[in-house]
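Participant: structure of the sequence below:
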Amino acid sequence: MLQEARRRLTEVSAEVVVANHVMGLYELAAIHLGASPPDLKQSALAIDAVACLVEGLGDRLGPDAATMRDALANIRLAFVQIKSTLAARPASSNGD
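Facilitator: This is a model prediction of the structure:
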């Protein structure tokens, strides 16, 4: 069974596997941002992990590199907007 899984992985390019991990981390960040209340600490960690891969690997990610850069920019923007919204709330309404 393990040998079969390894064989199947050799048939998939590393670009595809890494891209899948990037999108999984992106989704993780979005889940934490969409929680009630948003978990900024956990979403920041996931966003930083996406950034490490996307910015660190750059165009080595293949034809989806630009899409992943856009996704990173979008999730960063969402983080900043949510963080700003939370900071603008009175202390009694943001769980403090």
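Participant: quick one: mean pLDDT for the longest helix seen in the chain?
Facilitator: If you go by DSSP state H, the chain has its longest helix at helix 65-88. Helix 65-88 carries an average pLDDT of 97.
Participant: what residues of it count as buried?
Facilitator: 65, 68-69, 71-72, 75-76, 78-79, 82 (16 or more other Cβ atoms under 10 Å). All C-beta atoms are positioned from the backbone trio N, CA, C, and that covers glycine.
Participant: now it, how far from the centre of its chain.
Facilitator: Mean C-alpha position of helix 65-88 versus that of the full chain (Cα atoms, centre = their mean, to the nearest Å) differs by 10 Å.
Participant: so what does that helix touch, helix or strand wise?
Facilitator: Secondary-structure packing of helix 65-88 (3 or more Cβ pairs under 8 Å, 6 or more residues apart in numbering; DSSP states H and E): helix 14-34, helix 40-57.
Participant: contacting residues around that helix?
Facilitator: For helix 65-88, the external contacting residues (Cβ atoms under 8 Å, 6 or more residues apart in numbering) are 19, 22-23, 26, 29-30, 33, 37-38, 40, 43-44, 47, 50-51, 53-55, 57-59, 61, 94.
Participant: run the last query once more with 7 Å
Facilitator: For helix 65-88, contacts defined as Cβ atoms under 7 Å, 6 or more residues apart in numbering pick out 19, 22, 26, 29-30, 33, 38, 40, 43-44, 47, 50-51, 54, 58-59, 61, 94.
Participant: tell me which helix or strand in this protein has the weakest average pLDDT.
Facilitator: Least confident helix or strand of the chain, by mean pLDDT, DSSP states H and E, is helix 2-10 with a mean of 88.
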